[in-house]
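K.L.:
When you get a sec, could you give me coordinates for this:
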Amino acid sequence: MVRTSPRHRLALVLALVLAGTLGLALPTAPASAVPVADGVYAIEHTGEIYRVSAGTARHLTYSEWVDLGRPSPQPAPTSYVGYAWSTGISSVTRWDPDVPASWTWRQVGYDAWVRVGRPSPAAVGWVEGSYVYRWATNDQIGVIAPDGTYRWLTPAEWAAMGHRAPDVRRNEGFVSLTWGPEIFRMTDLASGRGEPLDYAGWRRENFPTPRPVTALADHRYERYSTQSSIWYAGPMVQREISHAEWSAVGRPAPTVLPAGASSPWPAGRPAPYSGQYRAENGRIDGEMCVIPFMPTHRIHCRALNDLVGFNRAYSARFGTDLPIDDWRYSTYRTQADQQVVLDTITAPIVAAVGTSPHGWGLAIDFLEGPRYGFGSTIHTWLRTNGPAYGWELMPWHREDGRYKEYWHFDYVR
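P.N.:
This is a model prediction of the structure:
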């Protein structure tokens with residue numbers, strides 16, 4: 001014997017009732033000008049049964065319908081509607097035409113639409129389940145329809161919605177650099193937190209108009225003493241900028257980074273902390289040197305002398321070696337290492353494979369915990385003295401930065 005759930009039994013019974021009693025091609029009952037009379041009704045495309053009593057409609061469970069004696073439902077006063085600019089179809093059952101709060105709204109899938117005879121939806125100004133919103137960075141009022149369609153509303157369309165108040169995303173939006181092509185999706189405007197937005201992401205958001213800005217939070221312009229190229233470095237974008245872009249932003253004086261103790265950073269490579277993808281990131285084992293005071297770990301040979309000097313100064317102050325985390329991934333990370341860390345901790349706290357400064361061997365992670373955190377004696381000393389040896393806590397890792405990683409220092413020479 002095949003067992004069926006009450007839910008399936010109700011759907012089967014309703015299908016038979018609709019087929020035999022109401023007819024498969026039953027036309028949708030028009031919305032009346034008065035509340036629906038007491039009785040039992042069925043919403044055709046969903047199979048839901050409602051009981052109207054004393055002017056109130058309530059959905060019936062299978063057992064409740066059985067307890068009533070399995071009454072044959074009448075067709076509910078259901079209409080099919082949608083936006084003129086969307087292919088989505090919804091149904092609205094107006095139990096009391098004058099009381100929208102009493103209406104039952106449902107989305108209509110393709111199969112259900114075919115099953116009820118492919119009714120043409122009436123164009124309406126509002127479909128329940130829509131989300132009206134506005135970003136803090138522009139005055140566009142948008143709506144996301146129940147089927148997921150995005151739309152920037154025209155004044156007439158917003159009026160047709162009854163000028164519904166949008167959900168103002170006061171600390172979120174989109175910005176673009178006035179001198180570059182990048183667009184950023186800002187998740188926290190106040191602190192400058194966000195992420196780069198590619199074309200596909202911008203399209204998914206229905207091409208919102210970004211607010212133009214000349215710079216992002218925690219940014220700086222840099223130039224290596226051995227190169228003429230100028231870099232724009234920030235938590236969301238780090239890249240070499242053209243002379244035209246530099247001129248467009250007002251030719252700010254770049255911070256000059258001295259050459260490394262052993263050899264300059266290879267021409268053509270991005271700044272180690274740039275976040276730019278490079279295939280060789282995490283694949284330069286031959287450029288790594290063992291750390292003398294921590295022989296289980298390696299860093300880039302060009303940073304070794306400075307790290308040793310940094311350690312010597314720390315030891316003179318605290319009597320121990322630098323508190324580099326003994327976690328195997330705290331210094332150089334191969335691409336395989338980067339994948340393990342990404343799988344363990346996940347983005348955006350961890351860089352994507354091929355973009356990590358650890359993949360260049362030019363980042364170290366110190367121990368974590370209150371003894372080493374922001375404001376601690378050790379952290380304050382590391383932050384104050386590290387730059388003399390080329391090791392810095394970057395702006396986006398500081399207390400007011402995007403990521404607040406007090407343990408992560410980058411080598412910037």
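K.L.:
quick one, phi/psi of Leu382?
P.N.:
Phi and psi for Leu382, reported as degrees, to the nearest 10, are phi -60, psi -40.
K.L.:
What residues does it make contact with?
P.N.:
314, 366, 391, 393, 409 (CB atoms under 8 Å, 6 or more residues apart in numbering). In this view, the C-beta of every residue, glycine as well, is placed from N, C-alpha and C.
K.L.:
On the pLDDT front, check Pro348 for me.
P.N.:
We have a pLDDT of 52 for Pro348.
K.L.:
nope, Thr255 is what I meant
P.N.:
82.
K.L.:
what's the closest non-adjacent residue to Val116?
P.N.:
The shortest distance from Val116 to any non-neighbouring residue, by CB to CB, 6 or more residues apart in numbering, is to His45 (4.9 Å).
K.L.:
does the one you found count as helix, strand or coil?
P.N.:
Following DSSP: H, G, I helix; E, B strand; the rest coil, His45 is assigned to coil.
K.L.:
that older thread, what's the farthest-apart pair in the contacts of Leu382?
P.N.:
Tyr314 and Leu393 (14.7 Å; CB to CB).
K.L.:
I'd say Thr178 and Val249 touch.
P.N.:
Yes - contact criterion CB atoms under 8 Å: Thr178 and Val249 qualify, at 7.5 Å.
K.L.:
now the residue nearest to Arg371 when sequence neighbours are not counted: how far from Arg298?
P.N.:
The shortest distance from Arg371 to any non-neighbouring residue, by CB to CB, 6+ apart, is to Ile378 (6.4 Å). Distance, Ile378 to Arg298, by CB to CB, to the nearest Å: 23 Å.
K.L.:
same check, this time on Val350
P.N.:
Separation of Val350 from Arg298 (CB to CB): 20 Å.
K.L.:
burial count for the residue nearest to Arg371?
P.N.:
When neighbours are counted by other CB atoms under 10 Å, Ile378 registers 17.
K.L.:
how close does it get to Glu368?
P.N.:
With CB to CB as the criterion, Ile378 and Glu368 are 12 Å apart.
K.L.:
try Tyr221
P.N.:
According to CB to CB, Tyr221 stands 31 Å off from Glu368.
K.L.:
How about Asn311?
P.N.:
Per CB to CB, Asn311 is found 19 Å from Glu368.
K.L.:
Looking at these two, which is more packed in?
P.N.:
Neighbours were counted for Asn311 and for Glu368 using other CB under 10 Å; Asn311 has more, 19 against 14.
K.L.:
who has more neighbours, Thr178 and Val249?
P.N.:
Counted by other CB under 10 Å, Thr178 and Val249 do not tie: Val249 has more neighbours, with 17 against 12.
K.L.:
Surely the more buried one is in contact with Trp179?
P.N.:
Yes - counting by CB under 8 Å, Trp179 is a contact partner of Val249 at 4.7 Å.
K.L.:
which neighbours do these two share?
P.N.:
Shared contacts of Val249 and Trp179, counting by CB under 8 Å, 6+ apart, come down to 214, 241.
K.L.:
most remote residue from this protein's center?
P.N.:
Relative to the centre of the chain, the most outlying C-alpha is that of Gly69, 51.3 Å out, by CA atoms, centre = their mean.
K.L.:
Looking at the chain, which helix is longest?
P.N.:
Under DSSP state H, the helix in the chain containing the largest number of residues is helix 301-318.
K.L.:
Check which element follows that helix along the chain.
P.N.:
Downstream of helix 301-318, the first helix or strand assigned by DSSP states H and E is helix 335-345.
K.L.:
Can I get that following helix in CSV? Just the C-alpha atoms.
P.N.:
Once non-C-alpha atoms are left out, helix 335-345 reads as follows in CSV (Å, rounded to 0.1, in the frame of the first residue of the first chain):
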residue,chain,number,x,y,z
GLN,A,335,49.5,28.2,-3.4
ALA,A,336,48.5,24.9,-1.8
ASP,A,337,49.0,26.5,1.6
GLN,A,338,46.9,29.4,0.6
GLN,A,339,44.1,27.1,-0.5
VAL,A,340,44.2,25.3,2.9
VAL,A,341,44.0,28.6,4.8
LEU,A,342,41.2,29.9,2.5
ASP,A,343,39.2,26.7,3.1
THR,A,344,39.8,27.0,6.9
ILE,A,345,39.1,30.6,7.5
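K.L.:
chain center to that helix, what's the gap?
P.N.:
Chain-centre distance of helix 335-345: 21 Å, with CA atoms, centre = their mean, to the nearest Å.
K.L.:
pLDDT on it, on average?
P.N.:
Helix 335-345 comes out at a mean pLDDT of 85.
K.L.:
That helix: which residues count as buried?
P.N.:
For helix 335-345, the neighbour count (16 or more other CB atoms under 10 Å) marks 335, 337-338, 341-342 as buried.
K.L.:
quick one: contacts of that helix?
P.N.:
For helix 335-345, contacts defined as CB under 8 Å, 6+ apart pick out 281-283, 328-329, 333, 350-354, 356, 358-359.
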